[in-house]
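A.B. asks: below is the sequence, then the predicted model.
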Amino acid sequence: MNGIKGKKIGIVGLGISGFDTGIFLIENGGEVYISDSNINNDIKEKSIILKEKGAKIEIGKHTPEFFKDVEFIVISPGVDERCDFINYLKKRDIPIISEIELAYNFSKSKKIIAITGTNGKTTTTTLVGEVFKKANYPSVVCGNIGNTFIGEIKNIDEKTWIIIEVSSFQLEKIINFRPYISCLLNIDYDHFDRYSNMEEYIAAKKRIFENQTIDDYSVLNFDDYHTKKIMKEIKSKKTFFSFLKIFKGVYYENGNIYLRINNKNLKILETKNLEILGKGNIENIMACSLISVICGIDPEIIKIAVENFKGLPHRMEKVAQIDNITFINDSKSTNPLSVKNSILSLTGKNNIILILGGKDKGFPYRQLTKYFKNRVKFIILFGQAKERIKKELESSNIPMEYVENLKEAVMLSKKIGKKGDYVLFSPGCSSFDMFKNYKERGDVFKKEVFSLC
């Protein structure tokens, strides 16, 4: 991509990504046009700041003529490219790219570690960042995790490792974006409000490997069904993590995580020493360990950094133990795969009271019933999807009950719970029927649990 000084550039969407993109383009001499169909206090505040810097902005609508003279457009990840406005721009042959594509083209470093997957992206990205910090590797952690790649450009030089969480939405509009290491943690049903079918979703995810060559690396989940189906298409050096004893890579066995290279096994760590719970988190740690080893970091440093990692809120987070009943906040669980991993991570027999529900995104829940046996004793359902989930889970013959809100769910779980039980709040749905996001949902759950103390 050539310089941007003097060019007219459009931005669709004024969230974090759109705002940071606008700042970058203005500071580098671009003439910036920003359009967002929404209007709220946050958007108004951002628009005031950008207007003062010289941007032209429309909010509350998309007007086709507003972008009539722009040379290219940067689309925010939250904007569905199937909308009428984007289709209009495509018909006019205006190039449309994502924020990570823009940042890649202007980044002084190409030492990029890109991490994607249906579940575990944020935890794995954070973990890799902690390991690199412990190893004194110059690095920035950015992307879908919160702070944007484009917003970090000023902090990146030739020696900087860029550890970036990327979503399928961000990958939709890449052209040259090429990670040195591309990590795919897993693929499962998600975002069916954005994609027509599973094939579309997978097609977006696998673009992370699109520009890689044999000089690059891919870090792959050997156990993941959908990942195995696309392996032949990946041109980079393939490395694997697994719960099986694989021939090369990182694997889990008898409570330990091992690195296997040149037919030798090196124990990286014992999972009993970890602060974080869950089968999914063990996968995240294996992926992090493999990425770190590829980058030349000593396994002892990996061990120390991972064992000191306390985990992130709303991901298998121990909230409290009340009358020997353990309450766990897993509000980040927004699909069936994350529910499965959370259930499998808890020990004991018939001791899980599972709270499920939220906005219905059309996921198949029937697949979960095989993991309930001898684990789940009771299911509490709430939210928009509760009736459909109940129908899909009836074959499990597990008692189920509806509640209206999380307050009722917590009170009922405490009433049902016995010594040694887990109350697992792992909704398996998005939060937008009742909450602003999964964080607010998790905070409400924790507040209701603390009210019992």
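C.D. replies: That came in fine, so what should we check first? Numbers count the residues shown, from 1 in each chain.
A.B. asks: hey, C-alpha coordinates of stretch 396-409 in CSV?
C.D. replies: Only the C-alpha atoms of stretch 396-409 are listed here, as CSV (Å, rounded to 0.1, in the frame of the first residue of the first chain):
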residue,chain,number,x,y,z
SER,A,396,-30.7,-36.4,28.6
ASN,A,397,-33.5,-37.0,31.2
ILE,A,398,-31.8,-34.4,33.5
PRO,A,399,-34.3,-32.3,35.6
MET,A,400,-34.6,-28.8,34.1
GLU,A,401,-36.3,-25.6,35.3
TYR,A,402,-37.0,-22.2,33.8
VAL,A,403,-36.1,-19.0,35.6
GLU,A,404,-36.7,-15.4,34.6
ASN,A,405,-33.3,-13.9,35.5
LEU,A,406,-29.9,-14.6,37.1
LYS,A,407,-31.1,-13.7,40.6
GLU,A,408,-33.7,-16.5,40.4
ALA,A,409,-31.0,-18.8,38.8
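A.B. asks: hmm, who's touching that stretch?
C.D. replies: Here stretch 396-409 makes contact (Cβ atoms under 8 Å, 6 or more residues apart in numbering) with 355, 369, 372-373, 376-382, 386-387, 390, 393-394, 412, 425, 434, 441, 444-445, 448. C-beta: built from backbone N, CA, C; applies to glycine.
A.B. asks: got the contact list for Val140?
C.D. replies: Contacts of Val140 (Cβ under 8 Å, 6+ apart): 152, 155-156, 160-163.
A.B. asks: what about the closest residue to Asp330 other than its chain neighbours, neighbour count?
C.D. replies: Using Cβ to Cβ, 6 or more residues apart in numbering and skipping the chain neighbours, the partner closest in space to Asp330 is Ser426 (4.0 Å). Neighbour count for Ser426, taken as other Cβ atoms under 10 Å: 25.
A.B. asks: I'd say Ser426 and Leu356 touch.
C.D. replies: Yes - using Cβ atoms under 8 Å, Ser426 is in contact with Leu356, at 7.2 Å.
A.B. asks: what touches both of those two?
C.D. replies: Joint contacts of Ser426 and Leu356 (Cβ under 8 Å, 6+ apart) are Val339.
A.B. asks: now do Gly60 against Val79, distance only.
C.D. replies: Here Gly60 is placed at a distance of 15 Å from Val79 (Cβ to Cβ, to the nearest Å).
A.B. asks: more neighbours, these two?
C.D. replies: Val79 (24 against 12).
A.B. asks: which residues touch Glu317?
C.D. replies: Taking Cβ under 8 Å, 6+ apart, we find Glu317 in contact with 311, 328-330, 442.
A.B. asks: returning to that earlier point: which among the contacts of Val140 end up buried?
C.D. replies: Neighbour counting with 16 or more other Cβ atoms under 10 Å marks 152, 156, 160-163 as buried within those.
A.B. asks: list just the nearest of those to Ile100.
C.D. replies: Relative to Ile100, the closest of the buried ones among the contacts of Val140 is Ile162; by Cβ to Cβ it sits at 10.0 Å.
A.B. asks: surely Lys318 forms part of a helix?
C.D. replies: No - the assignment for Lys318, made by DSSP: H, G, I helix; E, B strand; the rest coil, is strand rather than a helix.
A.B. asks: contact partners for it?
C.D. replies: 277, 326-328.
A.B. asks: apart from its chain neighbours, what residue comes closest to the most centrally placed residue in the chain?
C.D. replies: Note on the chain: the residue nearest the mean C-alpha position is Lys121, at 4.0 Å, using Cα atoms, centre = their mean. Excluding the flanking residues, the one nearest Lys121 by Cβ to Cβ, 6+ apart is Glu165, at 4.8 Å.
A.B. asks: quick one on the thing from earlier: okay, and which of the buried ones among the contacts of Val140 map to helices?
C.D. replies: Glu152 (DSSP state H).
A.B. asks: just the buried ones among the contacts of Val140 now: which is nearest Cys183?
C.D. replies: The nearest member of the buried ones among the contacts of Val140 to Cys183, counting by Cβ to Cβ, is Ile163 at 10.0 Å.
A.B. asks: partners of the closest one in the sheet?
C.D. replies: Beta-bridge pairing of Ile163 under DSSP bridges involves Ile113, Val141.
A.B. asks: quick check, Gly129 in contact with Ile164.
C.D. replies: No - when contacts are counted by Cβ under 8 Å, Gly129 is not listed as touching Ile164 (10.2 Å).
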